[in-house]
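Engineer: Build the 3D model from these lines:
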Amino acid sequence: MLWFEFIASAVLIISAGALLTTYADRLSDKLNISGAFVGLIILSIISSLPELGTTISVVKYVGKPDLAAGNIFGSNTFNILILAVLDFLLGAASLFALSRVSHQKSIALAVLMTIVAVLAIRGDGIFFIDGAQLDSFVLLMVYFIGIYFLFLAEKKARKPDHKYGSEKVGKEILVVVLSGLVVVISGYWLARISDGISEVTGWGESFVGYIFLAVTTSLPELVISISSLKLKAYDMAIANTIGSCFFNVLMFAIADPFYDGSLLADTSPYNIRLGLVSIAMLVVTAVALMAGSRGKNTGWTKYLLVVLYVLGSWLVFSAA
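Structural biologist: Residues are numbered from 1 along each chain as shown. From the prediction side, this is the model:
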């Protein structure tokens, strides 16, 4: 019965996520925002709602920080794995060579936020004032400062276009809000089910979070990325996965007020390995994009990303 509920909740997340992202794309067209910025900010946040709903539910109602950490870091590694999947789908062409937008700043933001989270987990917190732990606050500051600079870069590159200025966006906003609610509710359901699977099977919480929660809640990113590939919007696909990575890490800060204690400090140091795997995959992506922009061969990238994801899976399974 648990597995049936797991599949049902996954179907709800995928369906609601697909509808949500479709209307978010229409909304971005009417607001005259570039495809790369749409993927980086709007679509990444929207497609990460399953992770957000699940993470909050896990820490508030289940009280399992390791399950939440496994979901966050696992979602990040799966998001980058999506780029490898897209590269395989392209065949002879290389996704990393087809990119026409620099993603280095956004990757740097994702890496920096992951480093802050890893250090906080390793040292039971690293930022304190008068005994108050401020790691979540630091994550929030890094995120918003990073988004500010990314917005400035988008504003500088954007071309004036007022043809969408008078169009109504009420329908798009309504569908986005309602679909988002379905995603969050399904995330709560999925958290309960995954905790039950962890107890019944005897598998570790980090393993369940890394494999089941992470893969299932990252399916909207996969749907968006494949759709972007069909439209030849390569930079939108890349930006969506990277944006989801730094928003996922932000979830430690968002979920912290819902947890009875300090979420980062109470997370097992074992999860540091998962965070380091996600950093390695982000760095590989950055190197591949840089090589692709210079006309160098990037065919090796997808294989290395798969190897790193399998390594992360083995690390959590071996400790389950």
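Engineer: From here on, just use CA atoms for contacts and neighbour counts.
Structural biologist: Will do.
Engineer: which residues of this structure fall in strands?
Structural biologist: Using DSSP state E, the strands of the chain run over residues 128-129, 132-133.
Engineer: Next, count neighbours for residue 20.
Structural biologist: If you count neighbours by other C-alpha atoms under 10 Å, residue 20 ends up with 26.
Engineer: what's the spacing between residue 121 and residue 280?
Structural biologist: Distance, residue 121 to residue 280, by C-alpha to C-alpha, to the nearest Å: 18 Å.
Engineer: same check, this time on residue 46
Structural biologist: 25 Å.
Engineer: Tell me which of these two has more neighbours.
Structural biologist: It is residue 46, of residue 46 and residue 280, that has more neighbours when counted by other C-alpha under 10 Å, with 24 against 17.
Engineer: What does the pLDDT read for that one?
Structural biologist: Per-residue pLDDT puts residue 46 at 76.
Engineer: Does it touch residue 19 like I think?
Structural biologist: No - contact criterion C-alpha atoms under 8 Å: residue 46 and residue 19 do not qualify, at 10.7 Å.
Engineer: Now do the contacts for residue 223.
Structural biologist: Applying C-alpha atoms under 8 Å, 6 or more residues apart in numbering to residue 223 gives the contacts residue 18.
Engineer: burial count for residue 186?
Structural biologist: 24.
Engineer: That one and residue 7: what is the separation?
Structural biologist: Distance, residue 186 to residue 7, by C-alpha to C-alpha: 11 Å.
Engineer: Run the chain-centre distance for stretch 240-255.
Structural biologist: Relative to its chain's centre, stretch 240-255 lies at 5 Å (C-alpha atoms, centre = their mean, to the nearest Å).
Engineer: For it, C-alpha coordinates in CSV please.
Structural biologist: What follows is stretch 240-255, C-alpha atoms only, in CSV (Å, rounded to 0.1, in the frame of the first residue of the first chain):
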residue,chain,number,x,y,z
ASN,A,240,16.5,25.7,-14.7
THR,A,241,18.6,22.9,-13.3
ILE,A,242,21.2,25.3,-11.9
GLY,A,243,18.6,27.7,-10.4
SER,A,244,16.9,24.7,-8.8
CYS,A,245,20.2,23.7,-7.1
PHE,A,246,20.8,27.0,-5.3
PHE,A,247,17.1,27.3,-4.4
ASN,A,248,17.2,23.7,-3.0
VAL,A,249,20.0,24.7,-0.6
LEU,A,250,18.0,27.7,0.5
MET,A,251,15.4,25.2,1.7
PHE,A,252,17.6,24.6,4.8
ALA,A,253,16.9,28.2,5.8
ILE,A,254,13.2,28.2,4.7
ALA,A,255,12.5,24.9,6.6
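Engineer: now residue 251, nearest residue through space, not along the chain?
Structural biologist: Nearest non-adjacent residue to residue 251, counting by C-alpha to C-alpha, 6 or more residues apart in numbering: residue 52, 6.3 Å away.
Engineer: again but with residue 225, I slipped
Structural biologist: In space, residue 225 is closest to residue 237, 4.6 Å off (C-alpha to C-alpha, 6+ apart).
Engineer: what's residue 270 sitting at in phi/psi?
Structural biologist: phi -60, psi -30 (degrees, to the nearest 10).
Engineer: got a list of what it touches?
Structural biologist: By C-alpha under 8 Å, 6+ apart, no residues touch residue 270.
Engineer: Against residue 137, how distant is it?
Structural biologist: Counting by C-alpha to C-alpha, the gap from residue 270 to residue 137 is 23 Å.
Engineer: Next, count neighbours for the residue nearest to residue 225.
Structural biologist: By other C-alpha under 10 Å, 31 other residues sit near residue 237.
Engineer: any idea how far residue 140 is from it?
Structural biologist: Taking C-alpha to C-alpha as the measure, residue 237 falls 25 Å from residue 140.
Engineer: now residue 13
Structural biologist: 26 Å.
Engineer: Ok, residue 44 next?
Structural biologist: Residue 44 is 17 Å from residue 140, by C-alpha to C-alpha.
Engineer: Which one of the two is surrounded by more residues?
Structural biologist: Shown here are residue 44 and residue 140; by other C-alpha under 10 Å, residue 44 has more neighbours (28 against 19).
Engineer: Just the pLDDT at residue 31, thanks.
Structural biologist: pLDDT, read off for residue 31, is 72.
Engineer: Residue 9 too?
Structural biologist: pLDDT, residue 9: 77.
Engineer: thought it was touching residue 183?
Structural biologist: No - assessed by C-alpha under 8 Å, residue 9 is found out of contact with residue 183, at 9.3 Å.
Engineer: if you count what's nearby, which of these two comes out ahead?
Structural biologist: residue 183 (31 against 23).
Engineer: List the residues that contact the more buried one.
Structural biologist: For residue 183, the contact set (C-alpha under 8 Å, 6+ apart) comprises 12, 13, 16, 17, 49, 50, 53.
Engineer: Alright, that wraps it up for me.
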